[in-house]
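Participant: sequence first, then the predicted structure, then my questions.
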Amino acid sequence: MPFFGFKGGVHPDYNKSLTMEKPVETLPVKPGDKYYLPLSQHIGAPAKPVVSKNQQVKTGELIAEAGGFISACLHSPVNGKVVSISHVVHPMAGRMEGIVIEADETNDEFVPISDEGTFQQIVQRAGITGMGGATFPTHVKLSPPKEVDSLLINGAECEPYLTCDHRMMLEETMKIIKGAVLIKEKLRIKNLIIAIEKNKPDAIKLFRKYEKEYGFELVPLYVKYPQGGEKQLIKACLNRVVPEGKLPVEVGVIVHNVGTAAAVYEAYTERKPLYERIVTVTGAVVNPKNLRVRVGTPILTLVEACGGFVGIPKKMVMGGPMMGMAVTSVETPVMKGTSGIVVYREEDMPNLTKYPCIRCGRCVDACPMLLVPSIMDRFVKKEMYEALEEHHVLNCIECGCCSYVCPSRRTLVGGFKTSKRHIMQMIKERGAKNA
Ligand code: SF4
Ligand code: SF4
C-alpha cells in the first residue's frame, strides 16, 4: 500500500516515554466511591434517564437511553445505588444533568445487553461512542448513507503524552483486529486498513503477523501531528480528500479508533456495554500510568492512583495537550471519550505572552487543512464572520498546529473555534430565512 502523506503538520515533543512501557492497570472499584455520569457523553442529543433516585443498579445496567438517533445509551459502571439525578461536573459545559451512583460492592460481572436486532442496533444498545476523543455515536457511523469501500482503523495516536491506544494495541491486539473484521464483514466493506504511527514499532510488528490471516493492510504512518486526524489519515492512506463540511463517508470511507473497534467486538460477541476504558494519566503525577477505569470516575481518584500530584498543579488537560480541553475541577469525571489526563506545573508551562503578528507565514506552512490562519486571525479580531466563512474557517480541524508554531505565541485556534460556532448559527439563520 503506498503512503501518500499530507501537507503541513508539526513535530511536538512526544513525551510518551513516561507511560509507553507501562502495562494497563485496572483501577479497582471501592464500596462507597461515587461515579458521576453526565447524560451528554457524546456528540448529539443527551441520553434520557430510565432510573430513579435510590434505585439499586448493577454494572452494565442501562441507566439512560439514547435521546435520538444521534445519541448514545448510558450504563451503570458499578453495582450500587443511584444517589442523585441532578447536575454533575462536565468537562466542556461546566455542569450539566447527570446521574450519580455510589458503589456498594466490587464486581467484575456485568449485565449483558440483549442480542436482538441488527448489528447497528446492538452497537447502539451498548452505548459505544468514538473512543479517540470526538465521541460521535458509533452506530451512526456504522449506518452510512452511501456506499463505503474502505474501513480505516486509526492507531496513529499522534497526540503527545498519550499511550492508551498504544498499550491497547499491544495488550488487546486480537480484540481490535476481530472488531475491525466484524465491521468490515457486517457492512460488506472491501478494504480494511489498520494505520499505526512508526513510533510504535512493537505494535506494527505485532499487527504485521496477522495481516494476511485476517485480510487487512497495515500502513505504518510518518510520525507527525495531526497524523491521526480523520481527514489527514484518509489523505495519507488513500490519497482521497474529504470535501469541506463533509464526512469521510463522502469519499467512501469510515474511520474508527482502535479502542472503538475493540468496544464493538466486546459488544457484539460478549454483549458488553461500554462502561469502562483505558486512560493515560501522566505529566506531573508521581507515577504516570495507563489505567483501565470505569466511566464516571473523578480525575482526583485517577491522580491518587498514580501517587498524587508532583508539586502544585497549574493546569490539567483532558485528552492530549494539542486538542484536549483544560479542566478546572478534580471532580471532573472520566467520559467515554477521555483518552488521557495530562497534569502541568507552573514550571512546565510555556511562556504565554502574546506579541503582534510578524507575518512570518509559519502558521500557513503548518496548517494541514491548507488554510491561512494569520489572515483568519485578523478577521476573528474584527468579528468578520462572513469573511471567515469565505476563508474556509469551517474546514479548520482545530488541531492547534498554527498556534504551536507561532513565534508570537498567538492563540489562533481559540478564535477559530468560537468563530465556527458563530458561523454555524449564521448558516442556520440563513437557512431558516430562505425556507
Ligand atoms: S487549528 Fe485550524 S487553522 Fe490552525 S492549523 Fe489546525 S486546521 Fe489550520
Ligand atoms: S505564525 Fe504567528 S506571527 Fe507568523 S504569520 Fe502566523 S500568526 Fe503571524
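Facilitator: The structure has been received and is ready for your questions. Ligands and ions are numbered 1, 2, ... in the order given.

Participant: tell me the residues of the chain that contact ligand 2?
Facilitator: By the rule Cβ under 6 Å from any ligand atom, the part of the chain lying against ligand 2 is 357-363, 373-374, 377, 405-408, 410. For glycine as for every other residue, the C-beta is placed from the backbone atoms N, C-alpha and C.

Participant: closest to residue 26 out of the residues you listed?
Facilitator: The closest of these to residue 26 turns out to be residue 405 (Cβ to Cβ; 39.3 Å).

Participant: residue 188: neighbour count?
Facilitator: As a burial measure, residue 188 scores 9 neighbours (other Cβ atoms under 10 Å).

Participant: under a three-state scheme, what state does it occupy?
Facilitator: coil (DSSP: H, G, I helix; E, B strand; the rest coil).

Participant: please name the residues that touch it.
Facilitator: For residue 188, no contacting residues are found, by Cβ atoms under 8 Å, 6 or more residues apart in numbering.

Participant: run through who's touching the helix of greatest length in the chain.
Facilitator: The longest helix of the chain (DSSP state H) is helix 412-434. Outside helix 412-434, the residues that touch it by Cβ under 8 Å, 6+ apart are 363, 373-374, 376-377, 379-381, 383, 385-386, 388-389, 393-394, 396, 398-400, 402-403, 406.

Participant: near ligand 1, anything from it?
Facilitator: Yes. Residues of helix 412-434 contacting ligand 1 under Cβ under 6 Å from any ligand atom: 412-413, 416.

Participant: mind listing what's buried along that helix?
Facilitator: Applying a neighbour-count criterion of 16 or more other Cβ atoms under 10 Å, one finds 412-413, 415-416, 419-420, 423 buried in helix 412-434.

Participant: same check on stretch 194-212?
Facilitator: So for stretch 194-212, counting by 16+ other Cβ under 10 Å, buried means 194-197, 199-200, 203-204, 206-207, 210.

Participant: and stretch 328-341, by the same measure?
Facilitator: For stretch 328-341, a neighbour-count test (16+ other Cβ under 10 Å) marks 330, 332-341 as buried.

Participant: and the residue of the stretch 101-250 of the chain found nearest ligand 2, what does it touch?
Facilitator: Closest residue of the stretch 101-250 of the chain to ligand 2, Cβ to the nearest ligand atom: residue 225 (16.3 Å). Listed by Cβ under 8 Å, 6+ apart, the contact partners of residue 225 are 9-12, 158-160, 322, 399, 401.

Participant: just want the most central residue of this protein.
Facilitator: The centre of the chain sits closest to residue 133, judged by Cα atoms, centre = their mean, with a distance of 1.0 Å.

Participant: can you tell me the SS state at that residue?
Facilitator: Under three-state DSSP, the three-state class of residue 133 is coil.

Participant: which residues in the stretch 251-400 of the chain form strands?
Facilitator: In the stretch 251-400 of the chain, the strands defined using DSSP state E, counting those that start in this stretch lie at 253-257, 276-283, 289-294, 313-318, 325-327, 340-345.

Participant: close to ligand 1: what parts of the chain are there?
Facilitator: Residues of the chain lying near ligand 1 (Cβ under 6 Å from any ligand atom): 366-367, 369, 371, 373, 396-402, 412-413, 416.

Participant: list buried residues within these.
Facilitator: Buried subset of those (neighbour count, 16+ other Cβ under 10 Å): 366-367, 369, 371, 373, 396-397, 399-402, 412-413, 416.

Participant: quick check, residue 192 in contact with residue 185.
Facilitator: No. If you go by Cβ atoms under 8 Å, residue 192 and residue 185 don't touch, sitting 9.5 Å apart.

Participant: of those two, who's got more company?
Facilitator: residue 192 (19 against 12).

Participant: mean confidence score for the helix or strand hosting the more buried one?
Facilitator: Assessed by DSSP states H and E, residue 192 sits inside strand 191-197. Averaging pLDDT along strand 191-197 gives 97.

Participant: ok, residue 182 touching residue 265?
Facilitator: Yes. Counting by Cβ under 8 Å, residue 182 touches residue 265, with 6.1 Å between them.

Participant: those two: who's more crowded?
Facilitator: More neighbours surround residue 265 than the other of residue 182 and residue 265, with 22 against 18 (other Cβ under 10 Å).

Participant: number of residues surrounding residue 31?
Facilitator: Every residue meeting other Cβ under 10 Å relative to residue 31 is counted, giving 12.

Participant: could you pull out the strands in the stretch 51-200 of the chain for me?
Facilitator: Listed in chain order, the strands of the stretch 51-200 of the chain (DSSP E, counting those that start in this stretch) span 56-57, 62-65, 74-75, 79-90, 94-105, 150-155, 191-197.

Participant: buried deepest among these, which one?
Facilitator: strand 74-75 (a mean of 29; mean count of other Cβ atoms under 10 Å).

Participant: just give me the neighbour total for residue 384.
Facilitator: Residues within reach of residue 384, counting by other Cβ under 10 Å, total 15.

Participant: apart from its neighbours in sequence, what residue is nearest residue 203?
Facilitator: Nearest residue to residue 203 in three dimensions, chain neighbours excluded: residue 169, at 4.1 Å (Cβ to Cβ, 6 or more residues apart in numbering).

Participant: same question but for residue 408, I mixed them up
Facilitator: Per Cβ to Cβ, 6+ apart, closest to residue 408 is residue 355, 4.0 Å.

Participant: what about that neighbour, neighbour count?
Facilitator: 10.

Participant: ok, the one 3 residues further on next?
Facilitator: The burial count assigned to residue 358 is 12, neighbours taken as other Cβ under 10 Å.

Participant: got the phi/psi numbers for the nearest residue to it once chain neighbours are set aside?
Facilitator: If the residues on either side of it in the chain are set aside, residue 358 comes closest to residue 408, at 5.9 Å by Cβ to Cβ, 6+ apart. Residue 408 adopts backbone torsions of phi -90, psi 10, taken as degrees, to the nearest 10.

Participant: contacts only, for residue 408.
Facilitator: 354-358 are the contacts of residue 408 under Cβ under 8 Å, 6+ apart.
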